[in-house]
Structure formats: C-alpha cells, structure tokens
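Undergrad: Sequence first, then the predicted structure, then my questions.
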Amino acid sequence: MSKPFKALFYKDSNTEKEPFRDWLDGLRDNAVQARIAVRIARAEDGNFGDHKSVGGGVYELRISFGPGYRVYYAIEGQKIILLLVGGDKSTQSKDIEKAQKFWVSHKKEK
C-alpha cells in the first residue's frame with residue numbers, strides 16, 4: 001500500500017545544503033532522531049498529529065518531548081511534504097522565519 005504523502009528534504013540551491021537533514025543529523029541522541037523520524041513517517045501516512053499553520057504556507061509539527069522539538073514543512077502539490085527546518089521551542093521564532101524564507105525560495109525556483 002502506498003503512502004498518501006512522501007517527505008522530501010528542501011535543498012538550498014545557493015549553498016547546496018539541506019537544512020532539515022543537517023539539523024536532524026546534528027542531534028546527538030539517536031533516540032530523539034528516531035522519534036522524529038517516526039513522526040515524519042506518520043505524517044507520510046496522513047496522520048500529522050499535533051501541527052498547526054505558522055503562516056506563509058508553512059506548518060509546524062510539534063513533538064512533545066525534550067525541549068519541544070519542531071519540524072517545519074510545507075505541502076507541495078497534493079503528495080509532497082517538503083521538510084524545511086527543524087528546531088525546538090527555544091529557537092521557534094527564528095526557525096519559522098527560516099522555514100518561510102526557504103519555502104518562498106523553493107516556490108520561486110519551480
């Protein structure tokens with residue numbers, strides 16, 4: 001059975017970096033990485049759980065453990081979850097700004 005959504009990493013065309021992947025890989029705790037991966041897999045199944053719009057076509061997937069991890073994403077078309085930025089409650093405002101900027105940049109490149 002195919003999943004209703006597919007998660008992809010946003011790639012910054014200027015730096016060739018993938019901000020979300022870099023953030024996730026930078027987390028020291030493998031258990032935290034695994035919990036975040038499980039939440040993304042659930043979103044791919046259509047179960048977004050605790051999430052909300054943060055404006056500009058960007059959404060915040062809230063993960064309630066540790067420092068309050070956040071995954072910022074946009075929906076492209078009807079099938080793609082574009083993973084933009086990750087962070088936690090302490091960096092929320094900056095992360096939202098970055099995610100919105102990346103989403104605008106991505107749409108311009110299409």
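TA: Noted; the coordinates are in hand. Numbering: from 1, shown residues only.

Undergrad: helix/strand/coil for the residue lying closest to V58 once chain neighbours are set aside?
TA: Nearest residue to V58, sequence neighbours excluded (C-beta to C-beta, 6 or more residues apart in numbering): A99, at 4.7 Å. From N, CA and C alone the C-beta is placed, and that goes for glycine too. Following DSSP: H, G, I helix; E, B strand; the rest coil, we place A99 in the helix state.

Undergrad: ok, how many other residues are close to Y72?
TA: 27 (other C-beta atoms under 10 Å).

Undergrad: Nearest residue to it in space, please, no chain neighbours.
TA: A99 (3.6 Å).

Undergrad: ok but D95 is inside a helix, no?
TA: Yes: under three-state DSSP, D95 sits within a helix.

Undergrad: what's stretch 68-79 in contact with?
TA: 4-7, 20, 32, 36, 39-40, 43, 54, 57-63, 81-89, 92, 95-96, 98-99, 103, 106 (C-beta atoms under 8 Å, 6 or more residues apart in numbering).

Undergrad: Among those residues, the buried ones, what's the ChimeraX command?
TA: Of those, the buried ones go into a single ChimeraX selection, burial set by 16 or more other C-beta atoms under 10 Å:
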select :5,7,20,32,36,39,40,43,54,57,58,59,60,61,63,81,82,83,84,85,86,87,92,95,96,98,99,103,106
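
Undergrad: Which of the contacts of stretch 68-79 fall in strands?
TA: 6-7, 54, 58-63, 81-88 (DSSP state E).

Undergrad: Only the C-alpha atoms, please, for stretch 5-12, written as CSV.
TA: The C-alpha trace of stretch 5-12 is given here as CSV (Å, rounded to 0.1, in the frame of the first residue of the first chain):
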residue,chain,number,x,y,z
PHE,A,5,2.4,11.6,1.2
LYS,A,6,6.2,11.5,0.6
ALA,A,7,8.6,13.5,2.7
LEU,A,8,11.5,15.2,0.9
PHE,A,9,14.3,17.4,2.2
TYR,A,10,14.4,21.0,1.0
LYS,A,11,17.7,21.8,-0.7
ASP,A,12,19.0,25.4,-0.6
